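> Just the structure for this:
(chains A and B)
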Protein chains: 2
Amino acid sequence: MKRVIVTGASGFIGRHALPALRERGFEVHALDLPGANRESGDDLFWHAVDLLDPAAVDCTLREISATHLLHFAWYVQHGKFWTAAENLDWVAASLHLIRAFHREGGRRAVVAGSCAEYDWTTATGPCIEEVTPLRPHTLYGTAKDSLRSLLAAYSAAQSIEWAWGRIFLLYGPGEYPARLVPSLIQSLARGERACCRSANLIRDLMHVEDCGRAFAHLVDSSIKGPVNVASGIPVSLAVVSREIATQCRAEDRLDLEDQPCSAEVPAYLVANTRRLQSEVGFVPQFSLRDGIRDILQRRDMESNTK
Amino acid sequence: MKRVIVTGASGFIGRHALPALRERGFEVHALDLPGANRESGDDLFWHAVDLLDPAAVDCTLREISATHLLHFAWYVQHGKFWTAAENLDWVAASLHLIRAFHREGGRRAVVAGSCAEYDWTTATGPCIEEVTPLRPHTLYGTAKDSLRSLLAAYSAAQSIEWAWGRIFLLYGPGEYPARLVPSLIQSLARGERACCRSANLIRDLMHVEDCGRAFAHLVDSSIKGPVNVASGIPVSLAVVSREIATQCRAEDRLDLEDQPCSAEVPAYLVANTRRLQSEVGFVPQFSLRDGIRDILQRRDMESNTK
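Now for the predicted structure:
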C-alpha cells in the first residue's frame, strides 16, 4: 500500500501532482489550509491543517501514517518571497513536518527545491545537480538550500530516503497575473500593446502540469538526492514573448527590449535534465507552443462559460 | 545602554561570558532553563525560559528588549550531539529566537558556531573564515552551517548586524568527564594508567574561560560574519597528554598510541585566528600549561573543601 501526503496540494503545482499520483496507485492524502473544505473521494482524502502549527501537524500525520511525503507548501507571495522572513518559518515547519512523517513510519520524502539554490550569477551552461556550485543569492534560495542540507544530513544520520526536485521557471494555468506569461497574454488578448523588458534572458520554461507529473514520477521512484525538474530547453524570453504574440495574432503589438538587469539576475538559467529524463524516466508532455496554446484555450473556455 | 541576552548562560562556555560582559558595561540578561532559580544582581538578571517554546521566548524577549544577543544554547549531549535529530529543533529554535530579538529592537546578534562547519577532512593548514571550504560532515555541523547561512541571508534582507564565533576544541572546568583532558586527569590523579589513543592528531585547544571572554569581546565589537574563536596554536594530543602527565607527576603512567581513526576524523584541525586577534582585538590569557595548571588547582581546592 502506497500512501502519500501532499502538502500545498491545492497550490499552483500541487494540484497537478494529485491525479498523477492516483494514476500511479497511490492513496493520496492532500493537505490544505483550514477552511478550504474540499471533498474527499475514493483514493483522495483532504486534510485541513496549518503546517506552521506543530501540534496540528503531529496529530494529522499520526492519523494518516503515510509511506511517502511530497512537500510543496512554502511562502510564495509574489514579489515578497525572495526576501521575506517567512522563509525561516518554512524551514522550521518543513523540518518539523519531515520528522513527524518519519516518526510515523514514513519511508520516502520528496521536497520541492529551487534553481535559486545554484550559484546562478556565474552559470554559463546548464546547471547540473551534483556539479554546479550551490550559492544562493536570496533568502528564499538560502532557505531551500539549508533545508536540503539538513534533510541530507538528517537522512544520513536517521536513515530516511529522500529526493529533492529543483524547480526552474514554470508557467501555466493559475500563474500569478503579474508574471511574464499571464501579463503578456492579458495585455495582448485585450488588444493592448505589451512589452518584454529583458528579452535576451535565457530561461528554462516548464508547463506546471508537467512539473506536477514529474514530481509524481519522482515520488514513485527510488532516485535519491537532488533532481532538476525542468524542460532542459534553453529559450530566450524574446522567443517566449513572440510565441504568445503569434498565437494571440498580435505580433505588431509586442515590444522587445533589452533593459539592463541587476547583477543578481542571471543571464542564463537552464537545467541539465539528464537525471529527470534518464534516471527518473520522465519526459515532459508540453512543448512551449502546446503549453501556450493550452493556456489560451482554457482562457477561451473560461470566458465562454462566463 | 547596552543590554545583552545570553542563552545557555549557565552552560560550559556561557557562565564565563557573563563576568566579561559585565566588565564591558553590559546589563546582562542570562537565560536558563525553568527550575534553575538563580539569583539576580545589580547588572545581572536571570530569566527561566525554555527556548524550544516559541511563545515563552516571545514573551521573555519582549520583556527584556535587548540591544545585543549572545546565543550559546544548543543540544550538546556528549556522544549523541553529532547525529541527534535535536539539532533540527535547535535550528528552528535559534531562528525563532533571533527573529524575536530583532522584532523587539535588537541590533547585534552573535551566535556560537563550530569548526564542524569546515570541510575538515581535507584541511592541511589552519582554517580561515572566508577561505576554507564549508562542507560539514555531521548533522551537528550541517545544522550550525545552515543556521549561519540563514542568519547571513536574513541579515542581508532585514538589516540586523551579526557575527558568528566558530569554536574549535575547548577544555576547562566543567568539561564532560569522558572527554580527553578530564579523563586523563581523573585516571592519572587516581594513580591509574592512562592512554591517549590518537596521540598524533593535531588540534587547537582553548581554555573555556578564554572562549567566554572572546565572545564577550566579539559581542562588544562591530566585527561582522564568521570569526574563529580558538587559540590558533597547533598542538598534538601527545603534547597535551604529556603536559597533563607532567603536571600530575605521572609521566611513567601515560601510554601514547596512534590508533587509526575513521576517514571522518580530521588529522589536523586548527584555526587561523587573525580575525579574532587583529580585528576583534582578543588575546587568550591561558597558555596550555597555565590552563592545565588551573584545572588541577581547582581540583585540589575542591577536594580540600570536601
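
> what about residue A:39, how many neighbours?
6 (other Cβ atoms under 10 Å in any protein chain shown). The way it works is simple: take the backbone N, C-alpha and C, and place the C-beta from them, glycine included.

> dump the residue contacts of it.
Contact analysis of residue A:39 by Cβ atoms under 8 Å, 6 or more residues apart in numbering or on different chains lists residue A:46.

> mind checking the SS state of it?
With DSSP: H, G, I helix; E, B strand; the rest coil as the basis, residue A:39 sits in coil.

> Next one: it from residue A:174, what distance?
19 Å (Cβ to Cβ, to the nearest Å).

> try residue A:242
24 Å.

> so what's residue A:291 up against?
A:171-172, A:205, A:207.

> and it, backbone torsions?
Backbone torsions for residue A:291, taken as degrees, to the nearest 10, come to phi -70, psi -40.

> Same check on residue A:240?
phi -60, psi -50.

> Who are the contact partners of it?
A:180-181, A:196, A:203, A:205, A:288.

> quick one: buried residues of the worst-scoring helix or strand of chain A on mean pLDDT?
Least confident element among the helices and strands of chain A, by mean pLDDT, DSSP states H and E: helix A:288-304 (a mean of 91). Burial within helix A:288-304, assessed by neighbour count using 16 or more other Cβ atoms under 10 Å in any protein chain shown, is assigned to A:288, A:291-292, A:294-295.

> Same question for stretch A:114-123.
Within stretch A:114-123, judged by 16+ other Cβ under 10 Å, the buried ones are A:114-118, A:120, A:123.

> And the contacts of that stretch?
A:127, A:132-138, A:140-141, A:144-145, A:148, A:166-169, A:204, A:228, A:230, A:263-264, A:266, A:268-269, A:271.

> out of those, which are inside helices?
A:140-141, A:144-145, A:148 (DSSP state H).

> Can you narrow those down to the ones near chain B?
The subset of the ones in helices among the contacts of stretch A:114-123 within reach of chain B, by Cβ under 8 Å from any Cβ of the partner chain, is A:141, A:145.

> What about the ones in helices among the contacts of stretch A:114-123, which one has the most neighbours?
residue A:144 (28 neighbours).

> I'd like the distance between that residue and residue A:119.
From residue A:144 to residue A:119 the distance is 14 Å (Cβ to Cβ).

> now residue A:41
44 Å.

> just residue A:138 next, same as before
Residue A:138 is 12 Å from residue A:119, by Cβ to Cβ.

> Next: residue A:305.
46 Å.

> Spell out which residues of the stretch 51-200 of chain A are next to chain B.
A:83-85, A:88, A:91-92, A:95-96, A:99, A:136, A:138-139, A:141-143, A:145-147, A:149-150, A:152-154, A:156-158.

> what ranges do the strands span in chain A?
A:3-7, A:27-32, A:44-48, A:68-71, A:108-114, A:161-167, A:169-171, A:194-196, A:202-207, A:225-229, A:234-236, A:254-256, A:268-269 (DSSP state E).

> what about chain A, any weak spots by pLDDT?
Along chain A, segments meeting pLDDT under 70 span A:37, A:306.

> Let's see that with 90 instead.
Filtered on pLDDT under 90, chain A yields the residue ranges A:1, A:33-43, A:79, A:121-124, A:157-159, A:259-265, A:299-306.

> tell me the domain ranges of it?
Here the domain parsing of chain A from automatic domain parsing is A:3-171+A:205-232+A:273-279, A:180-202+A:234-271+A:287-304.

> Show me which residues of the stretch 201-306 of chain A sit near chain B.
Residues of the stretch 201-306 of chain A lying near chain B (Cβ under 8 Å from any Cβ): none found.

> who's in contact with the residue in the stretch 201-306 of chain A that chain B sits nearest to?
Relative to chain B, the nearest point of the stretch 201-306 of chain A is residue A:264 (11.1 Å; Cβ to the nearest Cβ). By Cβ under 8 Å, 6+ apart, residue A:264 lies in contact with A:121, A:137-138.

> Now the common contact residues for residue A:144 and residue A:119.
residue A:136.

> Near residue A:131, how many other residues are there?
Around residue A:131 there are 9 residues (other Cβ under 10 Å).

> And it, how far from residue B:252?
In terms of Cβ to Cβ, residue A:131 sits 56 Å off from residue B:252.

> same deal with residue A:7?
64 Å.

> the more surrounded of these two?
Shown here are residue A:7 and residue B:252; by other Cβ under 10 Å, residue A:7 has more neighbours (26 against 7).

> so what's the backbone phi/psi at the residue lying closest to the more buried one once chain neighbours are set aside?
The shortest distance from residue A:7 to any non-neighbouring residue, by Cβ to Cβ, 6 or more residues apart in numbering or on different chains, is to residue A:73 (3.9 Å). When read as degrees, to the nearest 10, the backbone of residue A:73 gives phi -60, psi 140.

> Contact partners for residue A:200?
By Cβ under 8 Å, 6+ apart, the neighbours of residue A:200 are A:236-238, A:258, A:267.

> Max pairwise distance over these: which two?
In these, two members sit farther apart than any others by Cβ to Cβ. They are A:238 and A:267, at 13.3 Å.

> These two: who's more crowded?
residue A:238 (18 against 13).

> Could you list which residues are in contact with that one?
Counting by Cβ under 8 Å, 6+ apart, residue A:238 touches A:196, A:199-200, A:256.

> Of those residues, just the buried ones, PyMOL syntax please.
Those of those that count as buried under 16+ other Cβ under 10 Å are selected in PyMOL with:
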select buried, chain A and resi 196+199+256
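
> hmm, which two among the contacts of residue A:238 are most spread apart?
Within the contacts of residue A:238, A:196 and A:200 form the most distant pair, 9.7 Å apart (Cβ to Cβ).

> shared neighbours, those two?
A:237-238.

> How about the contacts made by residue A:217?
Residue A:217 touches A:20, A:24, A:280-282, counting by Cβ under 8 Å, 6+ apart.

> ugh, wrong one, residue A:33
Per Cβ under 8 Å, 6+ apart, neighbours of residue A:33: A:48-50.

> got it, and residue A:92?
Counting by Cβ under 8 Å, 6+ apart, residue A:92 makes contact with B:91-92, B:95-96.

> Tell me the one of the residues you listed nearest chain A?
Using Cβ to the nearest Cβ, the contacts of residue A:92 come closest to chain A at residue B:92, 3.5 Å.

> one step back: want to try CSV for the contacts of residue A:33, with neighbour count as columns?
Below are those laid out as CSV (neighbours: other Cβ atoms under 10 Å in any protein chain shown):
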residue, neighbour count
A:48, 14
A:49, 19
A:50, 15
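
> can I get those in a markdown table with distance to chain B?
Formatted as a markdown table, those follow (distance: Cβ to the nearest Cβ, whole Å):
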| residue | distance to chain B |
| --- | --- |
| A:48 | 22 |
| A:49 | 18 |
| A:50 | 14 |
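
> any idea which of those is the one closest to residue A:61?
Distances from residue A:61 to the contacts of residue A:33, taken by Cβ to Cβ, are shortest for residue A:49, at 8.8 Å.

> thought that closest one was touching residue A:58?
No. Contact criterion Cβ atoms under 8 Å: residue A:49 and residue A:58 do not qualify, at 10.0 Å.

> what about residue A:168, how many residues close to it?
With other Cβ under 10 Å as criterion, residue A:168 counts 23.

> Alright, I will stop here.
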